[in-house]
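S.K.: Got a predicted structure plus its sequence, pasted below:
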Amino acid sequence: MAKLEVAPTKSKYLELKRDLATATQGFELLDQKRTILTIELMGHLDRVRKMESELDPLLEKAFATLREAIIESGSDALQRQSLIAAAGHDVEVRSRPLMGIALPSLAVQYSETKPSLGALDSTSRVDDVAKLFAEVLRMVGQLAELQNLVVRLARELRKTQRRTNALEKLFIPSYEETIKYINDTLEERERESVVMMKMVKARLAAGSDR
C-alpha cells in the first residue's frame with residue numbers, strides 16, 4: 001500500500017496517529033453496524049420466503065372460491081353482493097429507526113365484512129370470498145413491508161460494506177505505512193544527531209587536551 005506524500009515531521013506524525021485512531025474506531029463501529037444489518041437482513045429474508053410460501057396457497061384458495069361463487073351465483077349477482085358487502089380499507093405508513101436508517105412499517109386496516117346471508121342472490125360462498133380476500137390483503141401488506149425492509153437493509157449494507165472496505169484496505173494501511181515511514185525517519189535522524197553530538201564532543205575533548 002502506497003504511503004501518503006507528507007513531510008516526515010514530529011507534528012505530522014502525531015497528527016496521523018490521531019487520524020489513524022479515529023479511523024480505527026470508525027472501522028470498528030462500521031463493522032458492528034455491518035454485522036447488525038446482516039443479521040437483520042437475513043432474518044427478514046427468511047420471513048419473506050416464509051410469507052411468500054404462505055401467500056401462494058392462500059391466493060389459490062381465494063381465487064378458487066371466487067370461481068365457485070361465480071358458478072353458484074353468477075357474475076352479475078356476485079357483483080351486486082360485492083357492492084352490498086363492500087368494506088373500507090386503509091394503509092398507514094409508519095417508520096422505525098435502525099442504525100441511522102428509517103425502516104418502513106405498513107399497517108393495513110380494513111372493516112370487517114358482515115355476512116350477506118339472507119340478501120338477494122346471496123350464498124355462503126360470497127362471504128367466504130370476502131373473508132379470504134381480506135386475509136390476502138392483510139398478508140400482501142405485511143409482505144410489502146418486509147420486501148421494502150429487505151431492499152433498504154440491502155442498500156444500507158452495501159453502502160456500509162464499501163465504507164468498511166475503504167477503511168480496512170485503503171485508508172488504514174496507508175496511514176499505518178506512512179506513520180511507520182515517519183517514525184523510521186525520525187529515529188534515523190535521532191541516531192544521526194546522537195552520532196554528530198558524539199563526534200563534536202570527541203573533537204572538543206581532543207582540542208582541550210592539546
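M.R.: Looks like it came in fine.

S.K.: which SSE is Leu103 in?
M.R.: strand 101-110 (DSSP states H and E).

S.K.: Could you identify the helix or strand that succeeds that strand?
M.R.: Immediately after strand 101-110, counting by DSSP H and E, sits helix 124-166.

S.K.: taking the mean pLDDT, what do you get for the strand holding Leu103?
M.R.: The average pLDDT for strand 101-110 rounds to 71.

S.K.: dump the residue contacts of the residue nearest the centre of the chain.
M.R.: Residue closest to the average C-alpha location in the chain (Cα atoms, centre = their mean): Leu153, at 2.6 Å. Contact analysis of Leu153 by Cβ atoms under 8 Å, 6 or more residues apart in numbering lists Leu37, Glu40, Leu41, His44, Ile101, Leu103. (C-beta placed from N, C-alpha, C; glycine too.)

S.K.: How about the contacts made by the closest residue to it other than its chain neighbours?
M.R.: The shortest distance from Leu153 to any non-neighbouring residue, by Cβ to Cβ, 6 or more residues apart in numbering, is to Leu41 (4.4 Å). Residues counted as contacts of Leu41 (Cβ under 8 Å, 6+ apart) are Val150, Leu153, Ala154, Leu157.

S.K.: what helix or strand is Leu41 on?
M.R.: Counting by DSSP H and E, Leu41 is part of helix 10-73.

S.K.: returning to that earlier point: quick one: the residue nearest to Leu153 from Lys33, how far?
M.R.: Computed with Cβ to Cβ, to the nearest Å, the distance linking Leu41 and Lys33 is 12 Å.

S.K.: Leaving out chain neighbours, which residue sits closest to Ile97?
M.R.: Check again: residue 97 is Pro, not Ile. Leu103 (7.4 Å).

S.K.: what bridges to the one you found?
M.R.: Arg96 (DSSP bridges).

S.K.: ok, back up a step: nearest to Ser73 among the contacts of Leu41?
M.R.: Nearest to Ser73, judged by Cβ to Cβ, of the contacts of Leu41 is Val150 at 40.5 Å.

S.K.: Tell me how many other residues surround the closest one.
M.R.: Neighbours of Val150 under the rule other Cβ atoms under 10 Å: 18.

S.K.: again, but for Ala77
M.R.: 18.

S.K.: Could you measure from it over to Ile71?
M.R.: 11 Å.

S.K.: Over to Arg152?
M.R.: Arg152 is 44 Å from Ile71, by Cβ to Cβ.

S.K.: now Pro104
M.R.: Applying Cβ to Cβ to Pro104 and Ile71 gives a distance of 40 Å.

S.K.: what about those two, which has more around it?
M.R.: Applying other Cβ under 10 Å to Pro104 and Ile71 shows that Pro104 carries more neighbours, namely 15 against 11.
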